[in-house]
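A.B. asks: Here's a sequence, model it:
(chains A, B, C and D)
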Protein chains: 2
Amino acid sequence: MSRSAGNGHNGTLDPLIHESSRLMIISVLNEGPWMEFGFVLTTTGLTKGNLSTHMARLVAAGYVEEWKEFVDRKPRTSYRLTRRGREAFRHYQKTWRQLTGGKMR
Amino acid sequence: MSRSAGNGHNGTLDPLIHESSRLMIISVLNEGPWMEFGFVLTTTGLTKGNLSTHMARLVAAGYVEEWKEFVDRKPRTSYRLTRRGREAFRHYQKTWRQLTGGKMR
DNA sequence: TAATATGGTTTGCGTCACAAACTAGTTTTT
DNA sequence: AAAAACTAGTTTGTGACGCAAACCATATTA
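C.D. replies: You can find the predicted model right below:
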């Protein structure tokens, strides 16, 4: 198999991270440890539906970890970046800077 | 009319620029003045079809200027960023850095 | 004149991001 | 105690769009 996934360490922008909404989400999660759904919701300004589905994809990709619990009899969902997620984000940032910085340098 | 286009000077990433292929194209065009189709083609690694349609969109948006001529009896198409295009790209870069750099700084 | 190359454009399909509708349970109101 | 409204998300329907493949027009070579 030839190494050329959407994310890998080739010079392409991981689409899972690059998509605007998810870029916002990941940038927020990158600033700290566990964050609640509601916090990410208001910080990013996304709708609940979209936040929910984007989160599901990030979890499925192993970039984000999900924690569900009941607090005061109500459900509470929290997220944090996994190590893989943080690394992927770092790599994405590096790639973006190279790309937009010009081929020759 | 309330200023909130896809590109405007609000804190969102202009989708016309943010899309990976076009981000590559614009980054390349940003490095110089007129560039030929074939050059952009090999530099970005896109297929001809996709390059063609992306260029059409960028031209339609007023971000890129198109120049068609015949050289040695063969068609030649060249492109360059317009002033608006360069400005939009600068603004995009600024926005991206703010966004991914964290809310608090 | 048939094949091959050059320089693109157009088309069809599959993915996916978004808003809207829905689910499940809790608290408040009447 | 039933209904209404609120909390905390999840699921669904659909339009937009990015991609590869097919196509077109002209020029060159065999």
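
A.B. asks: which residues in chain A form strands?
C.D. replies: With DSSP state E, the ranges of strands along chain A come out as A:35-36, A:64-71, A:74-81.

A.B. asks: Next, name the residue at the spatial heart of chain A.
C.D. replies: Compute the mean C-alpha point of chain A, and by CA atoms, centre = their mean the closest residue is A:I26, 3.4 Å away.

A.B. asks: Give me the number of neighbouring residues for A:L81.
C.D. replies: Neighbouring residues of A:L81 were enumerated by other CB atoms under 10 Å in any protein chain shown; the total is 23. (Glycine included, C-beta is placed from N, CA and C.)

A.B. asks: Okay, and the beta partners of it?
C.D. replies: The partner list for A:L81 in beta bridges (DSSP bridges) reads A:V64.

A.B. asks: who's in contact with it?
C.D. replies: If a contact means CB atoms under 8 Å, 6 or more residues apart in numbering or on different chains, then A:L81 has A:I26, A:L29, A:N30, A:Y63, A:V64, A:E65, A:F89 as its contacts.

A.B. asks: got it, and A:R80?
C.D. replies: For A:R80, the set of contacting residues under the criterion of CB under 8 Å, 6+ apart consists of A:L29, A:P33, A:W34, A:M35, A:V64, A:E65, A:W67.

A.B. asks: Within reach of DNA strand C, which of these are there?
C.D. replies: The overlap between those and the neighbourhood of DNA strand C (criterion: CB under 7 Å from any atom of the strand) is empty.

A.B. asks: pLDDT below threshold where in chain A?
C.D. replies: Across chain A, residues meeting the criterion (pLDDT under 70) sit at A:1-9, A:102-105.

A.B. asks: I'd like to know how many residues surround the residue of chain A found nearest DNA strand C.
C.D. replies: Across chain A, the shortest distance to DNA strand C (CB to the nearest atom of the strand) belongs to A:G49, at 2.1 Å. Applying the criterion other CB under 10 Å, we find 8 residues in the vicinity of A:G49.

A.B. asks: Also the one 4 residues further on?
C.D. replies: For A:T53, the tally of surrounding residues (other CB under 10 Å) stands at 13.

A.B. asks: What residues of stretch A:45-63 count as buried?
C.D. replies: By neighbour count, with 16 or more other CB atoms under 10 Å in any protein chain shown as the criterion, the buried positions of stretch A:45-63 are A:L46, A:L51, A:H54, A:M55, A:L58, A:A61, A:Y63.

A.B. asks: now what about it, what contacts it?
C.D. replies: Contact with stretch A:45-63 is made by A:16-17, A:19, A:21-22, A:24-26, A:37, A:40-41, A:44, A:64-66, A:79, A:81-82, A:84-85, A:88-89, as judged by CB under 8 Å, 6+ apart.

A.B. asks: ok, now with 6 Å
C.D. replies: A:L16, A:S21, A:R22, A:I25, A:L41, A:V64, A:E66, A:R84, A:G85, A:A88 (CB atoms under 6 Å, 6 or more residues apart in numbering or on different chains).
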